[in-house]
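Engineer: Generate a structure from the sequence data that follows.
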Amino acid sequence: MGIFSFFKKKDKETLDKGLEKTKESVFGKISKAIIGKSTIDDDVLDNLEEILVGADVGINTTLKIIERIQQRVARDKYVGTSELNRLLKEEISSLMQENVIGNEPLDFSFPKGEKPYVILVVGVNGVGKTTTIGKLAYQFSQAGKKVMLGAADTFRAAAIDQLNVWAERSGADIVSQQMGSDPASVAFDTLKSAVAKKADVVIIDTAGRLHNKVGLMNELSKIKKVMQKILPEAPNEVLLVLDASTGQNAIEQAKQFTQATDVTALALTKLDGTAKGGVVIGISDMFKIPVRYIGLGERMEDLQIFNREAFVETLFENTEKQQ
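Structural biologist: Numbering: from 1, shown residues only. Now for the predicted structure:
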């Protein structure tokens, strides 16, 4: 099993299925790009560049990868096309490793230190933000953690109702107020209750609006400030949820939110519905923020903690078998 030895069989199957469109529609083209070629020449690199850009890896990140491949070919003197997949896997994995902050959790058994661990979730409506929160709550609960949700998206009654449904499904506690209430007040009450009930994990939802950056910044700053009255270190993580299937739009949203607040981790949803899974690589490289979670389907179990090596390995499995 190698790199997948720590994966449960069902998690490996979910990863395979979730990345199927990207593997077949995009990375599967690599084998065709090198037909009739014995060495990695300019034509092969040009084809590879087109394939990576088509996968929404992004132009700048693609050029970095191509440059790394060129350096490897120049250094090793003779590199056959049969080795291209290995070089790509190594260089993409290395590129993503540069964006890792601290130790990446391999499962939902963290946190093991001080409690509660507070996650502030941001992102626009429609990207799967509230659903991701529900799936996170479920996964943490399944790992034996006591979870509390905070419905601080008070601008939409539907958001509060939806989070209540997820709380019930996942077995998490929830703190909510009426629509139109002060989001910071909800966050304050959530942390106060979490400390009293000795919760392990607190997940705070926020309004999914891309209003002006100043308004967004002020709102999130106020939420953080009131939470820190209860827990000075809160939030432990600011998680930005992005829809991977939107490609460049997801990148634009990442720009907006990283300018408005200190995003520390990313969650990429809907990877199972797109052939542009390369956006995970591009976003990670562009913003130097680690991808923490990936969404690979509709089931609550289909949200995984991201592992870059398993991700890259899975992307190239089909191409290796075709060569």
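
Engineer: residue contacts, Ile160?
Structural biologist: Each residue near Ile160 by C-beta atoms under 8 Å, 6 or more residues apart in numbering is listed here: Ala151, Asp153, Thr154, Ser176, Met179. The C-beta positions use only the backbone N, C-alpha and C, and glycine is treated the same way.

Engineer: Which ChimeraX command selects the buried ones in these?
Structural biologist: Selection command for ChimeraX covering only the buried members of the contacts of Ile160, criterion 16 or more other C-beta atoms under 10 Å:
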select :151,153,154,176
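
Engineer: What is the nearest of the contacts of Ile160 to Leu63?
Structural biologist: Each of the contacts of Ile160 was checked against Leu63 using C-beta to C-beta; the closest is Asp153, at 38.4 Å.

Engineer: can I assume the closest one is in contact with Glu219?
Structural biologist: No: assessed by C-beta atoms under 8 Å, Asp153 is found out of contact with Glu219, at 10.9 Å.

Engineer: quick one: the helices in the stretch 51-200 of the chain?
Structural biologist: With DSSP state H, counting those that start in this stretch applied, the stretch 51-200 of the chain shows helices at 59-76, 84-97, 129-142, 157-170, 183-196, listed in chain order.

Engineer: Counting neighbours, which bits of the fourth one end up buried?
Structural biologist: If I follow you right, that is helix 157-170. Ala159, Ile160, Gln162, Leu163, Trp166, Ala167, Ser170.

Engineer: what does the second one give?
Structural biologist: Taking 16+ other C-beta under 10 Å as the neighbour-count basis, helix 84-97 is seen to contain the buried residues Leu84, Asn85, Leu87, Leu88, Lys89, Glu91, Ile92, Ser93, Leu95, Met96.

Engineer: Among these, which one lies nearest to Ala310?
Structural biologist: When the buried residues of helix 84-97 are compared for distance to Ala310, the smallest value, 10.0 Å, is given by Ser93; criterion: C-beta to C-beta.

Engineer: quick one: the closest one from Glu313, how far?
Structural biologist: Between Ser93 and Glu313 the distance is 8 Å, computed by C-beta to C-beta, to the nearest Å.

Engineer: Okay, Val175 and Ala260: tell me how far apart.
Structural biologist: Distance, Val175 to Ala260, by C-beta to C-beta: 24 Å.

Engineer: can you check Thr130 too?
Structural biologist: The spacing between Thr130 and Ala260, counted by C-beta to C-beta, is 20 Å.

Engineer: When those two are compared, which one has more neighbours?
Structural biologist: A count of neighbours by other C-beta atoms under 10 Å puts Thr130 above the other of Thr130 and Ala260, at 26 against 21.

Engineer: Report the contact partners of that one.
Structural biologist: Applying C-beta under 8 Å, 6+ apart, we find Thr130 in contact with Asp153, Ala159, Gln162, Leu163, Trp166, Asp205.

Engineer: what do you get for Val195?
Structural biologist: For Val195, the set of contacting residues under the criterion of C-beta under 8 Å, 6+ apart consists of Pro116, Ile230, Leu231.

Engineer: now, which of those residues sits nearest Asp243?
Structural biologist: For the contacts of Val195, the minimum distance to Asp243 (C-beta to C-beta) is 28.1 Å, reached by Pro116.

Engineer: I figured the closest one hits Val201, correct?
Structural biologist: Yes: Pro116 lies in contact with Val201 (C-beta under 8 Å); the separation is 6.1 Å.

Engineer: Quickly list what's touching both of these two.
Structural biologist: Contact criterion C-beta under 8 Å, 6+ apart; residues shared by Pro116 and Val201: Met148.

Engineer: how's this structure carved up into domains?
Structural biologist: Taking automatic domain parsing as the domain assignment, the ranges for the chain are 8-101+314-322, 117-263.

Engineer: These into JSON lines, with extra columns for mean pLDDT and distance to Asp302?
Structural biologist: Supplementary listing: the domains of the chain in JSON lines, determined by pLDDT from 0 to 100; distance: least, C-beta to C-beta, whole Å:
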{"stretch": "domain 8-101+314-322", "mean pLDDT": "81", "distance to Asp302": "6"}
{"stretch": "domain 117-263", "mean pLDDT": "92", "distance to Asp302": "7"}
